[in-house]
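[1] sharing a sequence plus its predicted fold:
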Amino acid sequence: GQSLEQPSEVTAVEGAIVQINCTYQTSGFYGLSWYQQHDGGAPTFLSYNALDGLEETGRFSSFLSRSDSYGYLLLQELQMKDSASYFCAVRDGTGGFKTIFGAGTRLFVKA
Amino acid sequence: EPEVTQTPSHQVTQMGQEVILRCVPISNHLYFYWYRQILGQKVEFLVSFYNNEISEKSEIFDDQFSVERPDGSNFTLKIRSTKLEDSAMYFCASSLGRGSYNEQFFGPGTRLTVL
């Protein structure tokens, strides 16, 4: 089966850096994605890692270590609008390509 | 910018009734998906659809569920006999491909309330 673990909640102050970790267990692995979801909104794609290392997209970076089955999302220069839920997700290769989401990390950004 | 649209935004139905949720994926996308999210919980994969057939489905997607692409633009999810536990937000998504780098674009969702 598949499972993903991420912290349920993180709080940080505006302007700071925050890291949201994700560990995963899947039968097949085709990469780790991150999605942002504001209250009442739809998930929005943020980043994707298929290979080990760091991917940077503006203020957001994502890291993957396949040997450790671990990744993280790094948010820099936090803004109030970054307050949202962040989901890590894996594309599972068992039986095909379906996306399995973690339970989500609720990020609270304080002034 | 192209986007996925869904109708209705909110559907209220009685237990045992059939509902059809509608989605219009991004026009040049080839892969379509349905997910559900029970309030306060994670997004759960239901089904993916390509070339007019289901490519994979989850354990949640039992015989009560079906999907269809009735024309060149719409993609529908039907729940034959709704149960209280079907109350959730249902998201449609589409992607250009299914390879690992093809991000999925989500629609705004349909909130289904079963009474």
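    Thanks, I have it. The model shown is predicted, which means the values in this text are computed figures rather than measured ones. Numbers count the residues shown, from 1 in each chain, chains lettered A, B, ... in the order given.

[2] which residue sits closest to the residue nearest to the spatial centre of chain B, ignoring its sequence neighbours?
    With distances taken as Cα atoms, centre = their mean, residue B:34 lies nearest the centre of chain B, 3.0 Å away. Counting by Cβ to Cβ, 6 or more residues apart in numbering or on different chains, residue B:34 lies nearest to residue B:46, which is 4.3 Å off, once chain neighbours are set aside. In short, each C-beta sits where N, CA and C put it, glycine included.

[3] report the mean confidence score over the helix or strand where residue B:89 lies.
    In the assignment (DSSP states H and E), residue B:89 maps to strand B:88-95. Mean pLDDT, strand B:88-95: 96.

[4] does that strand come close to chain A?
    Yes. Using Cβ under 8 Å from any Cβ of the partner chain, strand B:88-95 reaches chain A at residue B:91.

[5] how much space separates the residue nearest to the centre of chain B from chain A?
    Distance of residue B:34 to chain A, given as Cβ to the nearest Cβ, to the nearest Å: 11 Å.

[6] so what's that residue up against?
    B:21, B:23, B:46-47, B:67, B:77, B:90-93 (Cβ atoms under 8 Å, 6 or more residues apart in numbering or on different chains).

[7] may I ask which of the residues you listed has the most neighbours?
    Per-residue neighbour counts (other Cβ atoms under 10 Å in any protein chain shown) across those peak at residue B:92, which has 29 neighbours.

[8] shouldn't that residue be in contact with residue B:75?
    Yes. In this structure, residue B:92 is within contact of residue B:75 by Cβ atoms under 8 Å, at 6.4 Å.

[9] overlap of the contact sets of these two?
    Overlap of the contact sets of residue B:92 and residue B:75 (by Cβ under 8 Å, 6+ apart) consists of B:23, B:25, B:32.

[10] let me have those residues in a markdown table, adding pLDDT and secondary structure as columns.
    Putting those into a markdown table (pLDDT from 0 to 100; DSSP: H, G, I helix; E, B strand; the rest coil) gives the following:
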| residue | pLDDT | secondary structure |
| --- | --- | --- |
| B:23 | 97 | strand |
| B:25 | 96 | coil |
| B:32 | 93 | strand |
